[in-house]
Structure formats: structure tokens, C-alpha cells
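Enquirer: just coords:
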């Protein structure tokens with residue numbers, strides 16, 4: 001599994017803490033982790049939580065990653081933004097049980113976490129426990145286990161509805177403000193990670209052309 005971390009400008013200073021917790025858990029599971037920022041470095045592209053959602057959609061839609069960890073001050077804005085774009089099913093987790101239930105019941109591909117509200121003593125421990133429970137078992141396994149069939153059916157129906165209701169990602173990319181798009185993909189490691197991992201196709205080609 002390939003996992004991306006995306007956090008926005010207000011919480012850039014916490015990127016290292018978040019990524020360390022994520023990478024430790026990912027490494028233990030044998031997963032790859034990619035830090036798409038923001039990292040808090042001077043002069044880097046200033047991602048908003050809306051851009052978090054667009055970037056998540058691009059990465060998931062091209063299979064550059066399989067899962068996105070994101071967030072903002074409350075976690076709500078990033079979750080709403082992610083769910084506004086095609087191909088993203090994002091939940092929110094304040095504590096480890098939230099993460100586990102989302103992974104098992106909803107089987108989504110993105111999780112938003114609050115990095116300001118309630119982020120105090122033991123925050124790094126809470127992050128580690130959230131990531132441990134998030135990736136404890138294969139996504140969509142059901143909870144309780146006797147509910148697995150209807151839960152998987154509902155998750156499939158949601159994905160089918162989203163495919164009808166949402167525009168194709170390539171159409172979104174062409175119609176969205178192009179400066180907004182270019183700012184979104186201007187993070188420090190985007191070109192390296194995206195070029196190496198995104199599947200060939202129209203979306204990948206469009207993004208690489210935008211970078212050029």
C-alpha cells in the first residue's frame with residue numbers, strides 16, 4: 001500500500017510530527033509513505049484545505065497512492081474538501097476507535113485528522129494509535145463482523161452514486177482555475193513522487209503538462 005500525507009498551511013509546522021508517526025506505522029506494516037507537505041519550509045506552495053482535497057483526488061485517481069492521510073485545524077474542512085472531489089471517500093478521526101471503525105465500516109481511501117483542536121499533551125501518541133488502528137486490518141472488513149455484507153454493499157453503492165454524481169477528474173482539472181491547480185501540485189516532492197507512481201493516462205499527462 002502507498003500512503004500520502006497532505007496537510008495544509010495552518011498546520012505545516014506539525015508536518016514532521018505527523019509524518020514521523022505515520023511512517024513508523026507504515027514501515028512496520030511494509031507500506032510506503034510519501035510526504036507531500038506542507039512541511040513548513042520557507043517559500044513552499046501554500047496549500048489550503050480545499051487544495052488538500054484536489055491533491056488527494058489527483059493522487060488517488062491516478063493510483064499514485066492508495067490512501068491519503070490529511071487534515072487541518074479541526075479536520076472538518078479537509079474532510080469536506082476531499083469529499084467534494086471525485087474518487088475520494090474521506091472520514092474523520094479524533095481518536096483511534098474512529099479510525100478503526102471508518103476503515104472497517106466505510107472502507108474509504110482518505111482520513112482527515114484535527115491537528116489544532118485537542119492537539120495537546122500526548123498528541124503524537126494519539127497519532128500513532130490512530131494510524132495503528134486505521135491500518136490494523138484490510139479496509140472494509142466490517143464491524144461488527146456479522147454486519148460485513150450490508151456494510152460492504154453500502155460502501156459499493158456510495159462509490160457507484162459518486163461515479164454518477166461527480167464529474168470525471170480530467171474534466172475537473174480542465175475546468176478548475178489553472179493557477180489554483182498549479183499551486184496545488186507545486187509542493188516540494190510532488191513531481192518526483194507523482195512521476196514515479198502515477199499510472200499512465202490522460203490525467204497523468206495533463207498534470208505533467210501543467211507542471212511543465
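Expert: Done, it's in. Since this is a predicted model, take the numbers as computed values, not measurements. Numbers count the residues shown, from 1 in each chain.
Enquirer: Helix or strand with the lowest mean pLDDT in the chain?
Expert: Each helix and strand of the chain was given a mean pLDDT (mean pLDDT, DSSP states H and E); the minimum falls on helix 148-165 at a mean of 94.
Enquirer: Can you classify residue 133 as helix, strand or coil?
Expert: helix (DSSP: H, G, I helix; E, B strand; the rest coil).
Enquirer: State the distance from it to residue 100.
Expert: Separation of residue 133 from residue 100 (CB to CB, to the nearest Å) stands at 4 Å. For the C-beta atoms, the positions are set from N, CA and C on the backbone; glycine is no exception.
Enquirer: Mind giving me the packing neighbours of the least confident helix or strand of the chain?
Expert: The criterion is 3 or more CB pairs under 8 Å, 6 or more residues apart in numbering; DSSP states H and E, and there are no helices or strands that helix 148-165 contacts.
Enquirer: Distance from that helix to the middle of the chain?
Expert: 19 Å (CA atoms, centre = their mean, to the nearest Å).
Enquirer: Please list the outside residues in contact with it.
Expert: The contact list for helix 148-165 (CB atoms under 8 Å, 6 or more residues apart in numbering) reads 86-87, 89, 104-108, 140-143.
Enquirer: one more time with 7 Å
Expert: For helix 148-165, the surrounding residues in contact (CB atoms under 7 Å, 6 or more residues apart in numbering) are 86, 89, 105-107, 140-142.
Enquirer: Likewise for stretch 175-195?
Expert: Under CB under 7 Å, 6+ apart, the answer for stretch 175-195 is 34-39, 41, 44-45, 47, 51, 54-55, 64, 173, 207, 210-211.
Enquirer: Would you mind checking the residues you listed for buried ones?
Expert: Buried residues within the contacts of stretch 175-195, defined by neighbour count using 16 or more other CB atoms under 10 Å: 34-39, 45, 47, 51, 54-55, 64, 173, 207.
Enquirer: before we move on, back to that, tell me the helix or strand right after the least confident helix or strand of the chain.
Expert: As assigned by DSSP states H and E, the chain's next helix or strand after helix 148-165 is helix 169-175.
Enquirer: List the buried residues for that following helix?
Expert: Buried, per 16+ other CB under 10 Å, within helix 169-175: 169-170, 172-173.
Enquirer: And stretch 125-144, by the same measure?
Expert: Across stretch 125-144, burial judged by 16+ other CB under 10 Å covers 126-135, 139-140, 142.
Enquirer: List the contacts of residue 131.
Expert: Here residue 131 is in contact with 21-22, 25 (criterion: CB under 7 Å, 6+ apart).
Enquirer: so of those, which ones are in strands?
Expert: Applying DSSP state E to those, no entry is found in strands.
Enquirer: tally of neighbours for residue 145?
Expert: 9 (other CB atoms under 10 Å).
Enquirer: How confident was the prediction at it?
Expert: Confidence at residue 145, expressed as pLDDT, is 89.
Enquirer: likewise residue 136?
Expert: 97.
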